[in-house]
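Visitor: what follows is a predicted protein model with its sequence.
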Amino acid sequence: QLQASGGGLVQAGGSLRLSCAASGFTFEDYAIGWFRQAPGKEREGVSCIRSSNDRTKIADSVKGRFTISSDNAANTVYLIMNNLKPEDTAVYYCAAWWHYYCSGFGAQADYWGQGTLVTVSS
């Protein structure tokens, strides 16, 4: 299973770090990624990492502001979000794909975490 945490209220220009803690499966066999969904909008892929080879993918909409990293010892993936904008306001979800290398965000995930709300005020 996946446990997402770290959301909250932050002012524009601020930073947050989201965590996605994995359990119940072999962490290195999976890619872990983040999606977000804002009210009235479709779900959007944000970032993905395959810890076994450090392959990552970052959506163009957050490139240069968001970074994804992995702590294999803790079975946890982090989404570091800097220079947050009001348009980043959304519920953020983490997901896991077995034997996936982050080529995109369209593949069906094997696990989903619960969402964590990020609100960026202007």
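Guide: Nice, thanks for sending it over.
Visitor: how distant is the least confident helix or strand in the chain by mean pLDDT from the center of its chain?
Guide: Within the chain, confidence by mean pLDDT, DSSP states H and E is lowest for strand 55-58 among all helices and strands, at a mean of 93. When distances are taken as Cα atoms, centre = their mean, to the nearest Å, strand 55-58 is centred 11 Å away from the chain's centroid.
Visitor: pick out the residue closest to the middle of this protein.
Guide: Central residue of the chain (Cα atoms, centre = their mean): residue 34, 2.5 Å from the mean position.
Visitor: secondary structure element holding that one?
Guide: Under DSSP states H and E, the secondary-structure element containing residue 34 is strand 30-37.
Visitor: for residue 80, same thing?
Guide: Taking DSSP H and E as the criterion, residue 80 maps to strand 76-81.
Visitor: adjacent strands (with direction) for the helix or strand that comes right after that strand?
Guide: Where DSSP H and E defines the elements, the next helix or strand beyond strand 76-81 is strand 90-98. Taking DSSP bridges as the criterion, strand 90-98 forms sheet pairs with strand 30-37 (antiparallel), strand 111-112 (antiparallel), strand 116-121 (antiparallel).
Visitor: of all these, which lies closest to residue 87?
Guide: Of all these, strand 116-121 sits nearest to residue 87, with 7.8 Å by Cβ to Cβ. For glycine as for every other residue, the C-beta is placed from the backbone atoms N, C-alpha and C.
Visitor: mind listing what's buried along that closest one?
Guide: Within strand 116-121, the residues that count as buried by 16 or more other Cβ atoms under 10 Å are 116, 118, 120.
Visitor: now do stretch 51-68
Guide: Within stretch 51-68, the residues that count as buried by 16+ other Cβ under 10 Å are 51, 52, 56, 57, 58, 59, 62, 66, 67, 68.
Visitor: farthest pair in the residues you listed?
Guide: Top of the distance list for these (Cβ to Cβ): 52 and 62, 23.4 Å.
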